[in-house]
Every structure is written in structure tokens, then in C-alpha cells.
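# Next input, structure requested:
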Amino acid sequence: MTAPGGWPIIGWARTPIAPVGGALAHCAPHDLAAPLARHLLDRAGLPAHAVDAVVLGNALGAGGNPARLLALAAGLPEATPALTLDSQCCSGMDAITQACALLALGQAQLVLAGGSESWSRAPLRMHAPHAAGGAPQPYAQPAFTPWPQRDPDMLDAAADAAAALGLTRTLQEDYALLAHARACASQEAVQADTVALAGLARDSFPRAYSTRRAARLPAVRQRTDARGRDCGLTALTVAPKADGAALLLLAHPDACRRWRLRPRALWLDACARGGAPEAPMLCAQQAAAALLQRHGLQPRQLAAIELHDAFAAQGLAFADALGLPWQALNAGGGALARGHPIGASGAIAVVHALGHLAAANASTGAPALACVASAGGLGSATLLASCNGLTH
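Residues are numbered from 1 along each chain as shown. Okay, the predicted model is just below:
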């Protein structure tokens, strides 16, 4: 699916990320993403009619086609096709992969792709009654497998994995404390890729925590491992529900020549894998391992690794599976410190990986890896590279 050297990435951007009920609470998914689309086109000097397709990840919109709303709200021509993709947390990253498939198939030459999620504006969910006159049944989340016994609550699944792997609460807190410290320290660095929205110019959740404060937080799920150690989850070690969006502008090499575009980076490849539905947070590492093996790469050869860490336990397990110290992940903090806008989270991880490549100024030529896992037992990984002076 790759062009020689990879598919050109002309630009990338994301909104600030705000917790549910925060500064972005009144924005629908297309309200979040449309300013990003306009920003990317303006920065590239492209007219709206240059875009051949829009592919958007969204998990909570409950039907409709948020990608179509985005295309129209951004001022793209009515003839522009738009596709919304839902693979839950993997949606934003999978949308980018789908955009590259359109380029490879010759169906498009310029595509806007990414994810957008307004958890604050998510519709209330109810199942229709089975019989006339029955009451509708509200539900918090849809089924992710056809077997209820293999479809645990996400917090329970993460806590079970933490206990099975012996990931203690103290270790999870250490991971989370570093995530917040890094996110606070990198606020200025990520501004170049952030488009202010609704009066918010930067992520609003990262904060300075102390070890003492972390230890006082109550558990949201209590677990102990086989040795009797506390492996419970707390609010600090679980990514908060959030609103946000991220988009990439991807191009075919022919479009780069036609529009005289200079790529900023390259999409090299992606891999999606399924795993045990009972342990969904472990699926990102399975996708990452398969992608790295495909390219003959070792984790330590990467310039950056961005994992959408919905749980501190997930980051710890991911690093251990790849044979890395956990401090090697998410140099600018991750979702744990910023928030988790489900359908956008994978695209945000890609944007952060691209930001690290740009900041490194392509000095090593090493690629970057972005990864995400999803409810139901899915994982996605994407390999990215700087252009290293390549022109098309």
C-alpha cells in the first residue's frame, strides 16, 4: 500500500484536548475538526476543491456521518466524498490508514484524515424494547463481542491485566506522575501543532501531582496480584474522558508535483491486529510487534514511540512487551495526562509522533511509531518517517 519511500504527509494539526464538560463541551465532532481542515489547507496554500476525500474516525456519534458534516463545515465542495470509520479507540489511526489506501488505489490524490470526538455531546443511548409497550433500556456502552462473558468493562479489563502482570499501584502511579510532568513541560512544544478552539489554546488537564497526593487517591478498581500486592487503578492512572480532534493532510506524489507541495513527513506503513477481547489494552503491543517485524526494526531503533495510554498499566505492559524501559514511551506525556477523546485518540498519537520527528530535525533518519488499542480486542500501529530532504 506504500508509494516508493512512503505516502507524503503535507501537514498535521490537532485541537487542544479538554476533559468532558470543559472548554470544548459545546462542540460537535465537526465543530472540532473543521478548523483543523481549514488550517491545514491554508498552511499548504491549497484551495478547498483540491481535497478528493475526507476520512474521519468517530466512536460516539451514534450513527450519521460526522465526516460529511466536517467536509461541509470546512467549506469543501459538496461533491467531496466523506467516510466515517468506527473501530472505537483505533478509529482515528485507522482512518489515516484508510486514507492511504485511497491514495494507493488511485481513488484520491489529496485526503484529509484523522479523528474527532465530542464525548461531552455524545447521544444518550437506549435499546429499543423487545415488545410493544415495553420500556427502552439505557446502556453506557455497546457490546464489543457477541459473548457477554468475554466483554468486560474496560476498567475491569485493565485492572485484571494489571493484577495478572503484577503491575503495582505504586508503579502505575510513577508512570502517571511522569506522564503529567512531561505533558506540563511540553505544552509550549506542542503549540506548533495545536489550533486554538473555543477560547482554549492548550490542553487543560495536565497538572503537577505529588507522590503524596497520588497515594491518597481512592481506587476506582481494586485488585491484588498473586503475591498480594495492590494493583488497583485510580483516577490518576486512568485517562480521563475528553473532547478533541486531530487531522492529517496526505497526498499522492503526483499531487505534490501538481500543487508544488513539500511533504513534511512520510506515512510508511500500518498494521492492525486482533487479540483477546478480555484484555484489549494488550492489543497495541501485538500490532506494534507485527509492524516492527515486518520492517526488520528493533524498538530501540525508533526515534519516538507514541502509545495512546488509556491506562498506566497499558503503558507499563507495552514497554515490557517490547523490551523497553517504560520511560521510553510518550516523551511529551500521553493520553493519561491529556485525556482520551475516543475516536480521535489514535490520530492524536500520530500527530505527536510526527511532532517528535519534526523536532528531531530528521537528524538520525530513524522512524517513529504510533500505537493504540481498542475495546473488543483490537490494536493498530503506524510507522512514520521524516522526509530527509526527499522531494516528489
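# Break down this protein into its strands, ranges please.
Secondary structure of the chain (DSSP state E): strands at 7-14, 18-19, 53-57, 82-85, 110-118, 126-127, 137-138, 219-221, 233-234, 242-251, 265-274, 304-307, 368-374, 378-386.
# can you tell me which of those comes nearest to residue 176?
Each of the strands of the chain has some distance to residue 176 by C-beta to C-beta; the shortest is strand 233-234, at 8.3 Å. C-beta: built from backbone N, CA, C; applies to glycine.
# Outside of that closest one itself, list whatever touches it.
Residues from elsewhere that reach strand 233-234, judged by C-beta atoms under 8 Å, 6 or more residues apart in numbering: 155, 158-159, 162, 169, 172-173, 214, 217-221, 223, 311-313.
# Which of those residues fall in helices?
Counted as lying in helices by DSSP state H, out of the contacts of strand 233-234, are 155, 158-159, 162, 169, 172-173, 214, 312-313.
# In the chain, what residue spans correspond to helices?
For the chain, the helices defined by DSSP H cover 29-44, 66-73, 91-104, 154-165, 169-185, 211-216, 253-259, 283-294, 312-321, 335-338, 342-359.
# Flag whichever of the ones you listed has the least confidence on average.
Ranked by mean pLDDT, the helices of the chain bottom out at helix 211-216, which scores a mean of 92.
# Can you give me the buried ones in it?
For helix 211-216, a neighbour-count test (16 or more other C-beta atoms under 10 Å) marks residue 214 as buried.
# elements contacting it?
Helices and strands touching helix 211-216, by 3 or more C-beta pairs under 8 Å, 6 or more residues apart in numbering; DSSP states H and E, are helix 169-185.
# Pull out the buried positions in the helix it packs on.
Buried residues in helix 169-185, counted by 16+ other C-beta under 10 Å: 169, 171-184.
# ditto for stretch 32-48
Residues 32-41, 44, 46 are the ones in stretch 32-48 that count as buried (16+ other C-beta under 10 Å).
# For residue 148, state which of these is nearest.
Closest to residue 148, out of all of the buried residues of stretch 32-48 and judged by C-beta to C-beta, is residue 32, at 33.3 Å.
# Tell me who's in contact with that closest one.
15, 24, 116-118, 197, 243-245, 344.
# Quick check: closest non-adjacent residue to it.
Nearest residue to residue 32 in three dimensions, chain neighbours excluded: residue 245, at 3.9 Å (C-beta to C-beta, 6 or more residues apart in numbering).
# which residues does the one you found bridge with?
Counting by DSSP bridges, residue 245 forms beta bridges with residue 116.
# Quick one, grab the pLDDT at it.
98.
# Mind checking the helices of the chain for the one nearest to residue 143?
When the helices of the chain are compared by C-beta to C-beta, helix 154-165 sits nearest residue 143, at 13.0 Å.
# and the closest one, what does it pack onto?
Secondary-structure packing of helix 154-165 (3+ C-beta pairs under 8 Å, 6+ apart): strand 219-221, strand 233-234, helix 312-321.
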